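**Student:** for reference, the sequence and a predicted model appear below.
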Amino acid sequence: MRVTPFGYLCWCLIFIPFALLGLSALLDGLGHRSLEGIGMGLLFVGIGGAGFWFVHQSILRDFWLRKNGRLVSGVVTNLTAELSGDSTRYELNFVFVDDTGSHHQGVMSLFQREFEKWAEGDPIQVYYDPQCPGNCIADVSK
């Protein structure tokens, strides 16, 4: 999942209050010895905490790969726009060769404005983890 800094802020503004609400319900449930309160508190803390962790790890992974990963040139192999309900999911598939000569595939979710800039066969810059080349991201800014 690719998250912009603004998106990260928005997700934090959703998940952190959710976790705090759960913590409040949990403490209230413990204080009143209410299983319902404890259960709801644990549910909200779990959902809020897991959501925040997922978004936070996604951002850290992207930053780590851009700072410490190897940069190679890849090729766009496929572009897909998949309609799901009221929204469309845009994806860019790419291939690259790592330092050992092995071929790898990757996929990036895009915004529509980014999707429209790419075509199959275009060269693309790819950052990958040399210890685990499947852990990769493409630089989709053009």
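**Tutor:** Arrived safely. Computed from a predicted model, the values in this text were never measured in an experiment.

**Student:** how many neighbouring residues does the spatially closest residue to Asn68 that is not a sequence neighbour have?
**Tutor:** Spatial nearest neighbour of Asn68, chain neighbours left out: Asp129 (7.8 Å); criterion: Cβ to Cβ, 6 or more residues apart in numbering. Using the backbone N, CA and C atoms, a C-beta is placed for each residue, glycine as well. Using other Cβ atoms under 10 Å, Asp129 has 17 neighbouring residues.

**Student:** give the contact list for Asp129.
**Tutor:** By Cβ atoms under 8 Å, 6 or more residues apart in numbering, Asp129 lies in contact with Leu65, Asn68, Gly69, Arg70, Asn135, Cys136.

**Student:** mind listing residues that contact the lengthiest strand in the chain?
**Tutor:** Looking across the chain with DSSP state E, the single longest strand is strand 70-84. For strand 70-84, contacts defined as Cβ under 8 Å, 6+ apart pick out 88-99, 105-106, 115, 118-130, 138.

**Student:** kindly recompute the last result at 7 Å.
**Tutor:** 88-99, 115, 118-128, 130, 138 (Cβ atoms under 7 Å, 6 or more residues apart in numbering).

**Student:** kindly report the same for stretch 103-113.
**Tutor:** Residues contacting stretch 103-113 (Cβ under 7 Å, 6+ apart): 1-2, 89-98, 126, 133-134, 136-138, 140.

**Student:** buried residues in that stretch, which are they?
**Tutor:** Within stretch 103-113, the residues scored as buried using 16 or more other Cβ atoms under 10 Å are His104, Gly106, Met108, Leu110.

**Student:** the second one pairs with what?
**Tutor:** Each beta-bridge partner of Gly106 is listed here: Phe94, as defined by DSSP bridges.
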